[in-house]
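Q: sharing a model prediction with you, sequence too.
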Amino acid sequence: MKICLLGGMLLSGYTATAQADGGLKSNATEPEALRNARMRWFRDAHFGMFVHWGLYSAAAGEWNGKDYEGCVEWIQNMANVPAAEYEKQLTPLFRPKKDFAREWAKTAKEAGCRYVIFTTRHHEGFALHDSKTTTYDGMDVTGRDLMREIVNALHEQGLRVGVYFSLLDWHHPDAYVEHGMPTPGGVKNDTRNNANYVSYMHQQAEEIFSNYGPIDVVWWDYSSKEIQGEKWGANALVDMVKKHHPNIIMNNRLYHFDHNSEYTRANGDLVTPEQFIPEAGYKDMDWESCMTMNGTWGYSKNNQRWHTEKELVQNMIDIVSKGGNYLLNVGPMGDGTIPSKSIELMQGIGGWMKVNGESIYGSRANSIGKVNWGRITTKNGKYYLHIFHWPENNRLLVPIAPDAGSTPKAVYLADGARTPLPTSVSEPGISIDISNTAFRNNLATVIELDVAGTTLVPSGIFPDADGGYHLPPGDAILHEGVALSMSDKPVLYSWTALTGTATWNLQVKQPGKYRVILRAACTDESAGSKITLTAGSTTLSGVVKSTNNNWSAYQDWELGTVNIPKKGVNTLVIKPLTKPGVGVMNLQQVQLVRVK
């Protein structure tokens with residue numbers, strides 16, 4: 001499914017020596033200073049464009065008149081098409097237009113991307129580069145070295161280059177099949193000479209990495225539990241790549257992982273969550289979330305289920321605030337044209353980045369902690385506050401306390417005059433007055449906060465003036481199986497697994513009893529889920545009811561009374577026990593009303 005990035009500036013002093021020992025094993029013992037220098041540009045870039053383009057792009061999501069759903073770059077496998085038939089039908093349709101590559105590079109540059117990763121060959125086995133190993137390549141089919149056109153165009157725009165390289169090959173007669181390797185045609189592996197294929201695959205890789213100038217990232221794809229690592233000749237493959245590109249960055253997909261937490265540096269430089277954003281990022285790991293605009297990597301003429309500019313911008317901010325990179329995909333048509341909706345979305349991101357890119361490029365993960373109104377990035381001792389959900393009282397609370405003598409300074413990043421925003425300090429943290437909405441941005445508003453020498457406020461939601469609590473979804477700590485919406489009024493939704501729990505930390509000032517009121521919604525079909533809510537010394541239980549058969553018809557539900565006997569930080573945890581339908585409930589708020 002994926003690709004690599006592009007090369008540019010060399011790392012002064014490290015070019016000739018970085019990872020001189022070669023092989024992935026050298027990653028595990030690479031000195032930290034060398035690794036940091038090698039990874040620096042990638043950690044600063046944060047935003048790249050992924051491109052999936054091959055013969056499948058000419059199929060456009062259809063085969064013999066049938067429309068296929070999902071990731072249609074897999075259409076050969078979906079429609080179970082033999083390699084010869086696939087090649088015969090699609091090669092006449094694959095006719096790239098002039099200067100398609102320059103259009104790609106221009107789109108990426110104007111969107112604010114710092115690198116582009118493109119599919120040099122996907123699982124279908126068709127190679128974009130001019131290969132001497134096969135006639136199933138761009139030169140033989142189109143008379144053009146398509147990879148050279150793409151690499152040159154990216155370099156013209158000053159973008160770094162990454163290459164996606166599929167380890168699978170549905171065209172080669174000796175490629176691995178079965179053993180966790182999805183393959184069309186129902187063929188068996190025991191009749192194949194896999195060593196012959198691995199040699200062929202290595203030859204194609206060497207052509208790519210030795211003939212096209214600087215390459216900054218290699219995006220291997222796809223391994224199974226049975227076929228991984230040395231089944232691909234991983235160490236020899238990596239040795240060859242690093243011989244040509246000593247400072248290259250590579251992902252971890254020469255190996256198979258059930259969970260990204262299993263990764264070690266001996267498997268690659270970064271982990272690659274696909275189509276999701278980890279709740280808290282990955283501690284002490286470099287990572288990159290690759291995501292689509294409409295649910296497919298390859299072009300589908302019938303798929304119009306596009307995400308919005310707002311969703312895409314906020315996805316990027318969310319990822320960067322957790323220390324990751326955002327690799328956003330476009331799927332060009334068979335002639336290389338990027339769909340107009342993809343162009344529109346990329347232009348929207350680019351407009352936001354022109355004003356607010358300072359809060360993304362070169363920034364690092366949020367060091368403050370979870371906030372219910374958006375996300376935070378940090379850079380050069382400053383905090384960049386990204387507002388997703390505008391506070392109703394026009395007061396933005398940041399849970400940090402300035403040290404004595406330190407005065408917070410806050411400005412809208414879009415305000416060229418840098419007009420200071422009023423701030424005040426109280427026990428819960430710094431409050432910023434944002435009643436001036438002149439610079440409010442519907443995608444995400446950014447405030448630069450300069451407050452040197454700060455200390456974190458003790459974790460937990462502070463009580464309201466009446467001693468009660470309003471617990472918004474954005475403050476919940478979520479465990480897999482439940483998600484936070486990105487809407488203007490966030491909710492907990494997609495509560496589809498019994499493993500999904502939601503936890504809030506409360507800063508309790510007045511121990512005692514509190515009435516618990518949930519604002520929830522559910523359909524008739526999913527009604528009946530049993531849940532528990534635990535806070536202090538009390539565990540309540542209840543059964544979710546339908547709210548007019550509508551996931552958005554929120555109603556207050558008084559669950560009972562809890563006793564919280566201790567001051568300080570306490571937790572409130574909601575956990576499902578049963579789930580008869582597709583989801584437990586949608587949850588808009590938890591309210592605690594103090595019993596006096």
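A: Nice, I can see it.

Q: show me how far stretch 382-401 is from its chain's centre.
A: Here the centre of stretch 382-401 is set off from its chain's centre by 23 Å, with C-alpha atoms, centre = their mean, to the nearest Å.

Q: same check, this time on stretch 368-381
A: Relative to its parent chain, stretch 368-381 has a centroid offset of 18 Å by C-alpha atoms, centre = their mean.

Q: with stretch 275-293 instead?
A: 4 Å.

Q: so for it, what gets flagged as buried?
A: 277-278, 281-282, 285-293 (16 or more other C-beta atoms under 10 Å). Every C-beta, even on glycine, is put in place using the N, C-alpha and C of the backbone.

Q: now compare the residues you listed and name the two farthest from each other.
A: Pairwise distances among those were taken by C-beta to C-beta; the largest, 25.8 Å, belongs to Met285 and Met293.

Q: residue contacts, the residue nearest to Asp67 when sequence neighbours are not counted?
A: Of all residues not flanking Asp67 in the chain, Asn302 sits nearest, at 5.2 Å (C-beta to C-beta, 6 or more residues apart in numbering). Residues in contact with Asn302 (C-beta atoms under 8 Å, 6 or more residues apart in numbering) are Ala60, Gly61, Glu62, Asp67.

Q: can you tell me how far Asn302 is from Ile75?
A: According to C-beta to C-beta, to the nearest Å, Asn302 stands 12 Å off from Ile75.

Q: mutual contacts of those two, please.
A: With C-beta under 8 Å, 6+ apart as the test, Asn302 and Ile75 both reach Gly61.

Q: follow-up on the earlier one: now, the contacts of Asn302 that are in helices?
A: Members of these lying in helices (criterion: DSSP state H): none.

Q: now, which of those lie within strands?
A: Counted as lying in strands by DSSP state E, out of the contacts of Asn302, are Glu62, Asp67.

Q: which ones are touching the residue nearest to Gln588 when sequence neighbours are not counted?
A: Closest residue in space to Gln588, ignoring its immediate chain neighbours: Arg519 at 4.4 Å, by C-beta to C-beta, 6+ apart. Neighbour list for Arg519: Tyr554, Gln555, Asp556, Trp557, Leu587, Gln588, Gln589, Val590, Gln591 [criterion: C-beta under 8 Å, 6+ apart].

Q: write the ChimeraX selection for whichever of the residues you listed are buried.
A: Per 16+ other C-beta under 10 Å, the buried members of these correspond to this ChimeraX selection:
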select :554,557,587,588,589,590,591
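
Q: Gly323 versus the residue positioned nearest the centre of the chain, what's the distance?
A: Nearest residue to the geometric centre of the chain (C-alpha atoms, centre = their mean): Ser289, 2.7 Å. Ser289 is 11 Å from Gly323, where distance means C-beta to C-beta.

Q: now the two most distant members of the contacts of Arg519.
A: Using C-beta to C-beta, the two most remote members of the contacts of Arg519 are Gln555 and Val590, lying 13.9 Å apart.

Q: helix/strand/coil for the residue nearest to Asp67?
A: coil (DSSP: H, G, I helix; E, B strand; the rest coil).

Q: the stretch 301-450 of the chain: strands as residue ranges?
A: 325-330, 374-379, 382-387, 395-398, 400-402, 409-412, 423-426, 429-433, 445-450 (DSSP state E, counting those that start in this stretch).

Q: could you dump those into a markdown table with distance to Asn549, mean pLDDT and mean neighbour count added?
A: A markdown table is the format used below for the strands of the stretch 301-450 of the chain (distance: least, C-beta to C-beta, whole Å; pLDDT from 0 to 100; neighbours: other C-beta atoms under 10 Å):
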| stretch | distance to Asn549 | mean pLDDT | mean neighbour count |
| --- | --- | --- | --- |
| strand 325-330 | 36 | 98 | 25 |
| strand 374-379 | 32 | 96 | 22 |
| strand 382-387 | 34 | 97 | 23 |
| strand 395-398 | 37 | 96 | 20 |
| strand 400-402 | 44 | 90 | 19 |
| strand 409-412 | 43 | 98 | 20 |
| strand 423-426 | 44 | 94 | 14 |
| strand 429-433 | 41 | 96 | 20 |
| strand 445-450 | 36 | 97 | 21 |
